[in-house]
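K.L.:
from the sequence below, what's the structure:
(one chain, ligands or ions: 1)
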Amino acid sequence: MALLFIGAGGHGRALLELLRDAGLPPPGGVLDDAADCPGLACPGLPPVPWLGPVARAAELFSRKDFDSAHVALGRNALRRQVGESLAAIGYALPVLRHPSAVIAGSARIGPGSAILPRAVVGAAVEVGTCAILNTGSIAEHDSVIGPACHLAPGSVLGGGVRLGAEVLVGILAGVKPGLRIGDGAVIGMGSAVLADVAPGQEVGGVPARPL
Ligand SMILES: CC(=O)SCCNC(=O)CCNC(=O)[C@H](O)C(C)(C)COP(=O)(O)OP(=O)(O)OC[C@H]1O[C@@H](n2cnc3c(N)ncnc32)[C@H](O)[C@@H]1OP(=O)(O)O
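P.N.:
Now for the predicted structure:
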């Protein structure tokens, strides 16, 4: 059965390329709440038809049109919420992994996560559900990445960093080994994080300070 995508935006396009590079078939359809959604399109790839709003997921599952899905939404909290509701319906949430990603054999990747080109996941790393490890990001050994976190392109977690749920580590940001970053925190792009970050806190700069 075909894969259903949720979200017809830029992250969805990145994942279409990932599927092609991995030699996997494109999704059979996409759900998106935008009323005028044209479907998911990327030059040179077959268009993915829009099948309606996200609320149609249960009906499509019960009709046996789809049995697996991927949430291609950039907003962490929404991606987690939609991923959990799809899992409750019964959808399988496969990990989408680009062939150029390097994932240690001892790492564990949660269902619904996406590992983009040249991401590196080190020894004994644990990644929760519906995470995005974006292009060229690095999670060093023993790091723990909570559900629906996003390591943006080029960001780096030193060894043993612990991220709560729904943390955004911005483009090219770095986190010193062993630190803890609380649920929902935002690490601004280009930051150097040298101390723990509280839940919900937004930090930026070198060294990173509350914004
Ligand atoms: C494939 C992809 O594209 S994945 C994309 C992933 N997304 C990212 O990596 C982006 C992460 N987001 C950021 O870094 C943002 O700048 C945020 C979330 C930290 C702040 O965004 P906003 O709330 O819109 O803040 P805004 O731009 O209004 O700036 C507010 C202040 O913080 C400062 N600031 C913003 N971002 C940073 C940063 N990364 N580092 C240091 N200072 C910053 C601004 O200079 C400004 O300071 P001022 O008030 O003295 O002028």
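K.L.:
any idea which element residue 80 lies in?
P.N.:
Using DSSP states H and E, residue 80 falls within helix 76-89.
K.L.:
distance between that helix and the chain's centre?
P.N.:
12 Å (Cα atoms, centre = their mean, to the nearest Å).
K.L.:
what residues go with each domain of this protein?
P.N.:
With domains defined by automatic domain parsing, the chain comprises 2-93, 95-204.
K.L.:
list the contacts of the helix holding residue 80.
P.N.:
In this structure, residues lying in contact with helix 76-89 by Cβ atoms under 8 Å, 6 or more residues apart in numbering are 6, 54, 57-58, 61, 69, 71, 73, 93, 111-112, 129-130, 132, 147-150, 165-168, 184. For glycine as for every other residue, the C-beta is placed from the backbone atoms N, C-alpha and C.
K.L.:
sorry, back to before: need the winner for burial among the domains of the chain.
P.N.:
Greatest average neighbour count among the domains of the chain goes to domain 95-204 (a mean of 21), per mean count of other Cβ atoms under 10 Å.
K.L.:
quick one: that one near the ligand?
P.N.:
Yes. Shown here: domain 95-204 in contact with the ligand (Cβ under 6 Å from any ligand atom) through 134, 152-153, 170-171, 186, 188-191, 202, 204.
K.L.:
secondary structure for these - can I get that in a markdown table?
P.N.:
As requested, the residues of domain 95-204 next to the ligand are exported to a markdown table (DSSP: H, G, I helix; E, B strand; the rest coil):
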| residue | secondary structure |
| --- | --- |
| 134 | coil |
| 152 | coil |
| 153 | coil |
| 170 | coil |
| 171 | coil |
| 186 | strand |
| 188 | coil |
| 189 | coil |
| 190 | coil |
| 191 | coil |
| 202 | strand |
| 204 | strand |
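K.L.:
ok, those residues vs residue 42, which is closest?
P.N.:
residue 134 (17.0 Å; Cβ to Cβ).
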